[in-house]
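1. Got a predicted structure plus its sequence, pasted below:
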Amino acid sequence: MIAIYTDGSSLGNPGPGGYGVVLKYQGHRKELSAGFQLTTNNRMELLAVILGLEALKGERQQVTVYSDSKYVINAVEKGWLKSWLKKDFKDKKNPDLWRRFWKIYQRHQVGFYWVKGHSGHVENERCDRLAVKGAKQKGLPADQGYLDSIAQPPPVI
């Protein structure tokens with residue numbers, strides 16, 4: 001069983017944001033962290049899960065994702081995501097990331113476990129520090145998916 005611990009952070013919502021991921025498997029450990037100049041907390045929570053799953057080698061891995069994001073966990077476990085997919089994400093936020101998540105999620109056997117944030121859970125606290133560090137870096141790239149979602153369409157003439 002592979003364990004993936006994740007967290008996202010946004011310093012302001014929206015604001016600079018980052019993600020933190022810790023992957024653990026048979027004594028091996030890998031950490032991932034980065035940030036964006038303008039994004040949201042939910043985008044970073046979801047991106048952390050995506051990048052954790054994308055870091056896996058092979059197919060059909062058995063994975064448990066530990067997250068403090070009810071947004072991510074409920075979307076999957078309560079079936080919201082399947083409904084959003086059927087409606088092509090009409091009026092839903094983060095369709096770019098949800099499509100990316102769905103693609104990698106189907107390649108593995110993924111279960112979710114909710115952990116209360118900021119409650120002293122060692123790996124969740126580590127992911128939080130990684131996410132905040134990612135958000136505070138200098139010269140952060142743009143989160144193009146977020147920028148596209150807030151762009152105003154040109155006026156119809």
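-> Cool, the structure landed.

2. What ranges does the chain have for its strands?
-> Listed in chain order, the strands of the chain (DSSP state E) span 2-10, 15-25, 28-39, 62-67, 109-114.

3. mind checking which of those strands is nearest Lys87?
-> Set against Lys87 and scored by CB to CB, those come closest in strand 109-114, at 22.5 Å. From N, CA and C alone the C-beta is placed, and that goes for glycine too.

4. who touches that closest one?
-> Here strand 109-114 makes contact (CB atoms under 8 Å, 6 or more residues apart in numbering) with 53, 60-68, 70, 72-73, 76-77.

5. Kindly provide the distance from the most centrally placed residue in the chain to Pro95.
-> Closest to where the C-alpha atoms of the chain average out (CA atoms, centre = their mean) is Leu46, at 2.1 Å. In this view, Leu46 and Pro95 are 11 Å apart by CB to CB, to the nearest Å.

6. Test my guess that Ala34 contacts Lys133.
-> No: the pair Ala34 / Lys133 is not scored as a contact, 9.4 Å apart, by CB atoms under 8 Å.

7. okay, and the common contacts of those two?
-> Joint contacts of Ala34 and Lys133 (CB under 8 Å, 6+ apart) are Gly18.

8. Look at these two and report which has more neighbours.
-> Ala34 (20 against 15; other CB atoms under 10 Å).

9. who does that one bridge with?
-> As for beta bridges, Ala34 partners with Tyr19 under DSSP bridges.

10. what about it, distance to Ile2?
-> From Ala34 to Ile2 the distance is 21 Å (CB to CB).

11. just to revisit the earlier point, any idea how far the closest residue to the residue nearest to the centre of the chain other than its chain neighbours lies from Gly139?
-> Leaving out its chain neighbours, the residue that sits closest to Leu46 by CB to CB, 6 or more residues apart in numbering is Leu97, at 4.8 Å. Distance of Leu97 to Gly139, given as CB to CB: 23 Å.

12. neighbour count winner among the two?
-> Leu97 (21 against 6).

13. Quick check, that one in contact with Val49.
-> No: at 9.3 Å, Leu97 does not count as touching Val49 under the criterion of CB under 8 Å.

14. who touches the residue nearest to Gly15 when sequence neighbours are not counted in this structure?
-> Of all residues beyond its chain neighbours, the one nearest Gly15 is Leu38 (6.8 Å), with distances taken as CB to CB, 6+ apart. Residues near Leu38 by CB under 8 Å, 6+ apart: Pro14, Gly15, Pro16, Gly17, Ala142, Asp143, Tyr146, Leu147.

15. Good, wrapping up.
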